[in-house]
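# pasting the sequence and the predicted coordinates here, then a few questions.
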Amino acid sequence: MAEQVHNRLSVVRAERNVTRRELAEAVGAHYQTIGHIERGQYNPSLDLALRIAAHFGLPVEALFSLEPFRPLTDEMYGRTTP
């Protein structure tokens, strides 16, 4: 079984005010695929992950990880999660 790829896609989309449909059109995917990725129901291909990262001008590791992400507030303020 494939390992789950964790992501911050919904957070970044909300921050940038981009809908699933707009992102899907920009990266050549179906809007439902974006939803499946956000919910962890589908792991994006490397190609799609790179296109999504490029669309937002971010490194791919800022959006996708094999390890769960720490909460953004912990990362921003240097807190450690118990």
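That came through, no problem. Numbering: from 1, shown residues only.
# other residues contacting stretch 66-82?
Under the contact criterion C-beta atoms under 8 Å, 6 or more residues apart in numbering, stretch 66-82 has outside partners Glu3, Val5, His6, Arg8, Val11. The way it works is simple: take the backbone N, C-alpha and C, and place the C-beta from them, glycine included.
# switch to 10 Å and redo it
Glu3, Gln4, Val5, His6, Asn7, Arg8, Val11, Glu15, Asn43, Ala62, Leu63 (C-beta atoms under 10 Å, 6 or more residues apart in numbering).
# buried ones in that stretch?
When burial is assessed from 16 or more other C-beta atoms under 10 Å, stretch 66-82 yields no buried residues.
# now stretch 29-42
Neighbour count says stretch 29-42 has Ala29, Thr33, Ile34, Ile37, Glu38, Tyr42 buried, by 16+ other C-beta under 10 Å.
# of those, closest to Arg21?
Ile34 (8.1 Å; C-beta to C-beta).
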